[in-house]
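Student: Model the structure of this input:
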Amino acid sequence: MQFVVAFLKKLPLVPIALFIGGLVFGLLIGWVIAPVEFVNATPFYLRSDLREDYLRMAIDSYSINKSAPLAADRWLGLGSTSQEAFTAIQNNPGYLPAPLVQEFGQSVTNEIAARGGQPVADPSTGMSPVMRTALIGVGIILLLGVAAAAGLYLFRLFGKRGSGEVTAVMQGSEISKSAAKTNFEEQGLAPPITQMMTTYVLGDDLYDESFSIDTGAGEFLGEYGVGVSEIIGVGEPKKVTALEVWLFDKNDIKTATKVLMSRHAFSDAAIRSRLEPKGELVLVEPQVQILLETATLQLLATVVDIEYGKTSLPDNSYFERVTLELAIWPRQG
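Tutor: Numbers count the residues shown, from 1 in each chain. Got it, this is the predicted structure:
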């Protein structure tokens, strides 16, 4: 029961509820309130045997009117299935004279060539079968991507739910909820646009938090977040020795990034050389504040709490826990 409660607390209930509500509402409109009316359908939508019957009648009509344009229009109405139906009739002309079938086919070929070789496309989509197949493939890939992302999120959140063990992600979330946010107004500062607490806990190997920056009116301004930048040692769980904080501004072509390093990493020349290209290197200490600026935004990251892990690795080389407060303001001037 405790696991169920924890699971419900951690799920993004509002997006899920909106998705389900939108799905139900869409189905209600599409199937009950304003269902699609299928009118002026072409013979392309018929069964294969009925498409053959249609083409037989078109050939029979051609024997009387000898109209090549009308024959071509009827041929094109079958879309990509026209050749299949015609081949079936050639193999089994039935009541149609074989010479008439061949004459009809030649007449249609000449007429389509005279029109500039009009391609045969399915009336349902107005596109070639190859393009339709490609779009279906892209759709399947997108669906698989969404499913994989959802699975990864749930795995990260409840990787050990079978044993009832509280995961590192759940621990980090509880720590962030219990941490007191800074009251910047008491310090004489304007309230931030957004203010979040985030906690990395040893064992959260997929730690990567990101948050949207929006105005009160819902205008998107950018994004910010924090994730793993460097690990040390081998084995599980991964030993994180550096985190990176980033700020994306929609009005700036460059994302601001700073790397928060453990004491060991900060003093290790090899690690520093690997991380310097990512951004300014900062030593993580309790209550240290790190400022990131872009064209129109400022991010103040405060190290609320930090604890190092203790193993055979060098002292102060990886984090057991790090809690950060991330606050965003518009940049002045």
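
Student: What ranges does the stretch 201-333 of the chain have for its strands?
Tutor: Using DSSP state E, counting those that start in this stretch, the strands of the stretch 201-333 of the chain run over 208-214, 220-232, 239-249, 256-261, 280-283, 289-293, 297-308, 319-330.

Student: In TSV: those, plus mean neighbour count, mean pLDDT and distance to Tyr95.
Tutor: (C-beta placed from N, C-alpha, C; glycine too.) Putting the strands of the stretch 201-333 of the chain into TSV (neighbours: other CB atoms under 10 Å; pLDDT from 0 to 100; distance: least, CB to CB, whole Å) gives the following:
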stretch	mean neighbour count	mean pLDDT	distance to Tyr95
strand 208-214	15	91	69
strand 220-232	19	93	67
strand 239-249	23	95	71
strand 256-261	22	95	77
strand 280-283	15	94	85
strand 289-293	15	94	81
strand 297-308	19	94	78
strand 319-330	20	94	79
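
Student: Quick one: closest of those strands to Asn65.
Tutor: strand 220-232 (61.5 Å; CB to CB).

Student: and the closest one, C-alpha only, in CSV?
Tutor: Written as CSV, here are the backbone C-alpha positions of strand 220-232 (Å, rounded to 0.1, in the frame of the first residue of the first chain):
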residue,chain,number,x,y,z
PHE,A,220,7.8,30.5,-22.8
LEU,A,221,11.1,32.2,-21.9
GLY,A,222,13.5,29.3,-21.8
GLU,A,223,14.6,26.2,-19.7
TYR,A,224,17.1,25.4,-17.0
GLY,A,225,18.3,22.3,-15.2
VAL,A,226,21.1,20.3,-13.7
GLY,A,227,22.5,16.8,-14.5
VAL,A,228,25.5,14.5,-14.2
SER,A,229,28.7,15.9,-15.8
GLU,A,230,31.4,13.5,-14.7
ILE,A,231,31.7,10.2,-12.8
ILE,A,232,34.7,8.6,-11.0
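
Student: quick one, it and strand 319-330 angle?
Tutor: Computed with axes from the mean of the first three to the mean of the last three CA atoms, to 10 degrees, the direction of strand 220-232 lies at 160 degrees from that of strand 319-330.

Student: what helices or strands is strand 220-232 leaning on?
Tutor: Strand 220-232 sits against strand 194-201, strand 208-214, strand 239-249, strand 256-261, helix 263-267, helix 269-275, strand 297-308, strand 319-330, with contacts defined as 3 or more CB pairs under 8 Å, 6 or more residues apart in numbering; DSSP states H and E.

Student: on that earlier part again, tabulate the strands of the stretch 201-333 of the chain (TSV), appending distance to Gly26.
Tutor: Shown next, in TSV, are the strands of the stretch 201-333 of the chain (distance: least, CB to CB, whole Å):
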stretch	distance to Gly26
strand 208-214	25
strand 220-232	24
strand 239-249	32
strand 256-261	40
strand 280-283	48
strand 289-293	41
strand 297-308	36
strand 319-330	35
